[in-house]
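> What follows is a predicted structure for the sequence shown.
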Amino acid sequence: MIFISSGNSIDEVNIINVIDWLYLFDVSWMKINHGNRLKFKKIKLDSANYDFCFEDSRTKSNVYLSDISSYWIRNGNIYLEFGSDILEASHFENTDSVLNNFVVGAIEDIKPHINKQRDKNTNKIANLLKAQQIGIKIPKTLITCSKDDVLTFANENKRIITKSYNNQVNHLTTFFSEKDIFDLPVIFKPKFFQEYIDKLFEIRVFYIDRKIFASAIFSQNDNRTKIDFRNYNYDVPNRTPPFKMPDKLVAKLIDLMQLLDINCGSLDILYSVNKEFVFLEVNPMGQFTQVSVPCNYFIEREIASYLSKGPN
């Protein structure tokens with residue numbers, strides 16, 4: 001049985017499309033939604049084996065670890081409920097998470113799996129550093145609390161942008177103008193700045209198990225999407241054709257994902273007017289429909305096949 005942990009309503013369509021393929025492959029599955037609790041039943045350990053049992057609060061059926069063949073976390077979290085009293089469960093979570101951590105770790109040790117619960121907390125700054133260390137070009141970046149530092153950085157670069165460095169915050173990328181700098185206090189909470197790089201187009205890459213699926217995004221031709229293509233123009237959408245990545249870059253991206261210990265996710269890259277590929281960030285829980293559908297990659301089938309058969 002394939003165990004699927006769902007995060008939010010945005011992901012439901014993606015998950016349902018994968019489940020359609022699981023039906024075709026005649027593979028059983030169970031899905032829990034974010035916030036749904038699994039009622040803890042028992043853990044059994046001996047010299048050779050271990051197993052645990054929980055109850056699906058929705059179906060009231062018992063599920064054993066040994067029933068689960070693979071695992072896909074799609075933004076959600078696994079929460080265990082202990083005892084019959086919700087207050088008791090809440091108190092337990094606040095005072096002792098040993099059992100919850102054990103169960104999550106045991107499920108995530110199952111092979112194959114797609115993502116882990118901790119992947120959501122991947123560090124954007126550390127990921128930039130690791131990309132740089134294996135020879136992938138990155139933008140000039142500044143994280144600072146000082147207005148003077150921002151002034152110096154702006155003088156060194158023609159234009160600068162700002163965005164969130166917290167992977168849990170989904171703020172759009174925006175220009176940081178001279179007025180924005182002027183309005184800054186002398187000292188402020190840390191902010192993330194990068195040089196603005198003129199691009200010919202962007203590339204959204206979906207990665208799974210050493211496979212790369214890439215789509216070019218011609219966002220540069222539209223002022224609305226020029227800075228951040230997520231500021232979608234639904235009236236005149238960006239063109240998003242398939243894109244063949246250079247073999248050397250593909251090898252480096254695979255190395256990066258293995259170094260980050262992330263087996264699935266979306267990567268954002270741009271191709272500059274200087275004809276350089278520049279890495280921006282990786283999002284382990286990134287969307288893949290916008291790559292799959294217009295490019296006819298059938299990524300949903302890839303995910304279902306991986307969960308059903310395991311890594312190649």
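That came through fine. Remember, it's a predicted structure, so these values are computed and weren't measured experimentally.
> Verify the stated contact: F192 with Y165.
Yes - the criterion here is Cβ atoms under 8 Å, and F192 meets it with Y165 at 4.0 Å. (C-beta placed from N, C-alpha, C; glycine too.)
> what's the distance between N296 and T59?
Separation of N296 from T59 (Cβ to Cβ, to the nearest Å): 36 Å.
> Next: K111.
For K111 relative to T59 (Cβ to Cβ), the value is 26 Å.
> Measure how buried G286 is and give me the count.
Neighbour count for G286, taken as other Cβ atoms under 10 Å: 18.
> Quick check: the gap between it and S28.
For G286, the distance to S28 (Cβ to Cβ) stands at 27 Å.
> Please enumerate the strands of the stretch 151-300 of the chain.
Under the criterion DSSP state E, counting those that start in this stretch, the stretch 151-300 of the chain contains strands at 160-163, 174-175, 187-195, 199-208, 211-217, 264-272, 277-283.
> what's the least confident stretch among those?
Ranked by mean pLDDT, the strands of the stretch 151-300 of the chain bottom out at strand 174-175, with a mean of 80.
> Parallel or antiparallel, list what pairs with that strand.
strand 160-163 (antiparallel) (DSSP bridges).
> roughly how far out does the partner strand sit from the chain middle?
21 Å (Cα atoms, centre = their mean, to the nearest Å).
> give me the low-pLDDT residue ranges for the protein?
Low-confidence regions of the chain, defined here as pLDDT under 70, cover residues 8-10, 34-36, 83-96, 167-172, 222-238, 310-312.
> helix or strand for the residue sitting furthest away from the middle of it, which one?
Most distant residue from the mean C-alpha position of the chain: S47, 37.1 Å away (Cα atoms, centre = their mean). Per DSSP states H and E: S47 is located in neither a helix nor a strand.
> separation between it and I160?
Using Cβ to Cβ, S47 is found at 60 Å from I160.
> Next: F243.
Note on F243: its distance to I160, by Cβ to Cβ, is 27 Å.
> Out of the strands of the stretch 151-300 of the chain, which is closest to I32?
Between I32 and the strands of the stretch 151-300 of the chain, the tightest spacing by Cβ to Cβ is seen for strand 264-272, at 18.8 Å.
> got a list of what N274 touches?
If you count contacts by Cβ atoms under 8 Å, 6 or more residues apart in numbering, N274 has none.
> mind listing what's buried in stretch 40-59?
Neighbour-count burial for stretch 40-59 flags F40, F52, C53, F54, E55, D56 (criterion: 16 or more other Cβ atoms under 10 Å).
> Those into a markdown table, with extra columns for secondary structure and distance to K130?
Shown next, in a markdown table, are the buried residues of stretch 40-59 (DSSP: H, G, I helix; E, B strand; the rest coil; distance: Cβ to Cβ, whole Å):
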| residue | secondary structure | distance to K130 |
| --- | --- | --- |
| F40 | strand | 37 |
| F52 | strand | 34 |
| C53 | strand | 39 |
| F54 | strand | 36 |
| E55 | strand | 41 |
| D56 | strand | 38 |
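> Which members of those residues define the maximum pairwise distance?
Taking Cβ to Cβ, no two of those sit farther apart than F52 and D56, at 13.7 Å.
> helix/strand/coil for K130?
Applying DSSP: H, G, I helix; E, B strand; the rest coil to K130 yields a three-state assignment of helix.
> Just give the nearest non-adjacent residue to it, would you?
L259 (5.6 Å; Cβ to Cβ, 6 or more residues apart in numbering).
> Can you name the residues in contact with the lengthiest helix in the chain?
In the chain, taking DSSP state H as the definition, the longest helix is helix 9-24. By Cβ under 8 Å, 6+ apart, the residues outside helix 9-24 that reach it are 2, 4, 6, 29, 31, 72, 74-75, 287-289, 300-301, 303-305, 307-308.
> so of those, which ones are in helices?
T289, E300, R301, I303, A304, S305, L307, S308.
> A ChimeraX selection for those residues, restricted to the buried ones, would help me check which they are.
Selection of buried members from those for ChimeraX, criterion 16+ other Cβ under 10 Å:
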select :300,301,303,304,305,307,308
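> Return every residue with contacts to both of F192 and Y165.
By the contact definition Cβ under 8 Å, 6+ apart, F192 and Y165 are jointly contacted by K124, I125, I143.
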